[in-house]
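**Student:** Coordinates for the following, if possible.
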Amino acid sequence: QVQLVESGGGLVQAGGSLRLSCAASGNIFRIWAMGWYRQAPGKQREFVARITSDGSTNYADSVKGRFTISEDNAKTTRYLQMNSLKPEDTAVYYCNADVAEYGDSGSNDYWGQGTQVTVSS
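**Tutor:** As a prediction, this is how the structure comes out:
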């Protein structure tokens, strides 16, 4: 089993910044990719950003140029730096990871518990 623990959400004014963290722990052989999704009230969960094991990143068009995903040297924590926040960025942000575990030939998909980001106008 793998656990993803998110932190860093909160309330910020439009134009402000927040940094989300997602720490992975447990039976991890390799993290193939880790990213962030978000879900606003009444809307479907949507992709935000992702970083793969080789360091490649991709972003939703709505956050390009404002959000940056990165990882720590140990590659156990991923960060989402969110700048120039807009009210439409308000959502619960979920960390997601595609993980290869010891003793398992495939990979498994894990989700964090979510962290609320609220951007006031």
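**Student:** drop to CA atoms for contacts and neighbour counts, all remaining ones
**Tutor:** Will do.
**Student:** Distance from the chain centre to the helix or strand harbouring Trp36, please.
**Tutor:** Taking DSSP states H and E as the definition, one finds Trp36 inside strand 30-39. Between the centre of strand 30-39 and the centre of its chain there are 6 Å (C-alpha atoms, centre = their mean, to the nearest Å).
**Student:** Please work out which residues outside it touch it.
**Tutor:** 45-53, 69, 78, 80, 91-101 (C-alpha atoms under 8 Å, 6 or more residues apart in numbering).
**Student:** let's see 6 Å
**Tutor:** 45-53, 91-100 (C-alpha atoms under 6 Å, 6 or more residues apart in numbering).
**Student:** Can you tell me which of these are buried?
**Tutor:** Neighbour-count burial within the contacts of strand 30-39 applies to 47-52, 91-100; the criterion is 16 or more other C-alpha atoms under 10 Å.
**Student:** and Asp89, what are its phi and psi?
**Tutor:** The phi/psi pair for Asp89 (degrees, to the nearest 10) reads phi -80, psi -10.
**Student:** Look up how far Asp61 lies from it.
**Tutor:** For Asp89, the distance to Asp61 (C-alpha to C-alpha, to the nearest Å) stands at 13 Å.
**Student:** Have a look at the two and say which one is more surrounded.
**Tutor:** Asp89 (20 against 10; other C-alpha atoms under 10 Å).
**Student:** Quick check: closest non-adjacent residue to Ala23.
**Tutor:** Thr77 (4.3 Å; C-alpha to C-alpha, 6 or more residues apart in numbering).
**Student:** thought the one you found was touching Cys22?
**Tutor:** Yes: Thr77 is in contact with Cys22 according to C-alpha atoms under 6 Å; the separation is 5.4 Å.
**Student:** what about the two, which has more around it?
**Tutor:** Shown here are Thr77 and Cys22; by other C-alpha under 10 Å, Cys22 has more neighbours (26 against 18).
**Student:** What pLDDT is listed against that one?
**Tutor:** Note on Cys22: pLDDT of 96.
**Student:** Could you do the one 10 residues further on as well?
**Tutor:** According to the predicted model, the pLDDT of Trp32 comes to 94.
**Student:** Fine by me, we can end here.
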